[in-house]
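Peer 1: Model the following, please.
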Amino acid sequence: MDGKAAGYDADTIAALFAPLGIKYQIELTSWTRCLKATKEGNVDIALSASYNDVRARYYYFSQPYYWITPTYIFDSLRYPASPAIVKAQQIDQFQTCGLFGYNYSTFGIDTGLIKQVDVSLYKALQALQQEDCDLVLIWKEVLAGFKTVWGIDYLNDRFQTRDVPGVTPTPMHFLVSKKLSDGEMIRDLINRRLYELETQGKLEQLRQQHRF
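Peer 2: Okay, here's the model as predicted:
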């Protein structure tokens, strides 16, 4: 990559705004910094965010524009036959690791038990390898995005994944800062454009192209 935004979000933003002649810039930064900057009004919109009540205090949520699958990563050297998990609540019996700033409320588990180790998935997998945790929580499509967009494949013969059983896919939204005087108008514009792209089949084409 050359530092330019690429992938489903970048293509969706282009489809939303370019036909209207709206100029925009996508900044590449960590997720926690992005949330903070948007919350403070230094950035207008955060991309690819799931809903929770705390976030709703500070951001306007768009309609969902794709859905992702809650997944966990395990070490097959420790669990050759995969962990004995047939329902989401059984994950609470394991020490789970997650990433700072990520919202795991749709995983169907006690989020208070998650050990948030870092902003980096690489560091979380190091913790898994060192047995500081039993499972790393992530989303299937996020892993696929790392591989497709950045060329990083975190999975191998040792690190394997399973979908969290019995939970529905997580809807993802644009977040618009409530610090903006025209924040609601921007949210409404995004929703109108999402509806247009959905009814035209263009959003589904992008999802298929990026395997969502």
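Peer 1: care to break the chain down by domain?
Peer 2: Per the record, the chain has its domains at 8-67+170-210, 70-163, by the TED database.
Peer 1: Give the buried residues for the longest helix along the chain.
Peer 2: Taking DSSP state H as the criterion, the chain has its longest helix at helix 183-199. By neighbour count with 16 or more other Cβ atoms under 10 Å, helix 183-199 contains the buried residues G183, I186, R187, L189, I190, N191, R193, L194, L197. Using the backbone N, CA and C atoms, a C-beta is placed for each residue, glycine as well.
Peer 1: Not counting the lowest-mean-pLDDT helix or strand in the chain itself, show me its contacts.
Peer 2: Least confident helix or strand, the chain: helix 140-150 with a mean of 79, by mean pLDDT, DSSP states H and E. Helix 140-150 has contacts (Cβ atoms under 8 Å, 6 or more residues apart in numbering) with 1, 6-8, 66, 68-69, 71, 121, 152-155, 161, 163, 210-212.
Peer 1: centre of the chain versus it, how much separation?
Peer 2: Computed by Cα atoms, centre = their mean, to the nearest Å, the chain-centroid distance of helix 140-150 equals 11 Å.
Peer 1: Now the element after it, going C-ward?
Peer 2: Moving toward the C-terminus from helix 140-150, the next helix or strand (DSSP states H and E) is strand 159-163.
Peer 1: Angles on the backbone of G98, please.
Peer 2: Torsion angles at G98 (phi, psi; degrees, to the nearest 10) stand at phi -140, psi 180.
Peer 1: okay, it: pLDDT?
Peer 2: pLDDT for G98: 95.
Peer 1: residues contacting it?
Peer 2: By Cβ under 8 Å, 6+ apart, the residues touching G98 are Y104, I114, K115, Q116, V117, A124, V136, L137.
Peer 1: Please enumerate the strands of the protein.
Peer 2: Using DSSP state E, the strands of the chain run over 45-49, 59-61, 66-68, 70-75, 96-99, 115-118, 135-139, 159-163, 170-177.
Peer 1: Of all the ones you listed, which one is nearest F17?
Peer 2: Evaluated over the strands of the chain, closeness to F17 peaks at strand 45-49, with 10.1 Å, by Cβ to Cβ.
Peer 1: any idea of the mean pLDDT for stretch 202-212?
Peer 2: On average, the pLDDT along stretch 202-212 is 88.
Peer 1: Pull out the buried residues from that stretch.
Peer 2: For stretch 202-212, the neighbour count (16+ other Cβ under 10 Å) marks L203, L206, R207, H210, F212 as buried.
Peer 1: State the pair within these that is farthest apart.
Peer 2: It's L203 and H210 that sit farthest apart of those, by Cβ to Cβ, at 10.9 Å.
Peer 1: Check the contacts of helix 140-150 for burial and list the buried ones.
Peer 2: Buried, going by 16+ other Cβ under 10 Å: Y8, Y66, I68, T69, T71, L121, Y154, T161, H210, F212, out of the contacts of helix 140-150.
Peer 1: Double-check the fifth one against L135; I have them as touching.
Peer 2: No: using Cβ atoms under 8 Å as the test, T71 is too far from L135 to be in contact (9.9 Å).
Peer 1: Distance across stretch 151-169, terminal residue to terminal residue?
Peer 2: End-to-end distance for stretch 151-169, by Cα to Cα, to the nearest Å: 25 Å.
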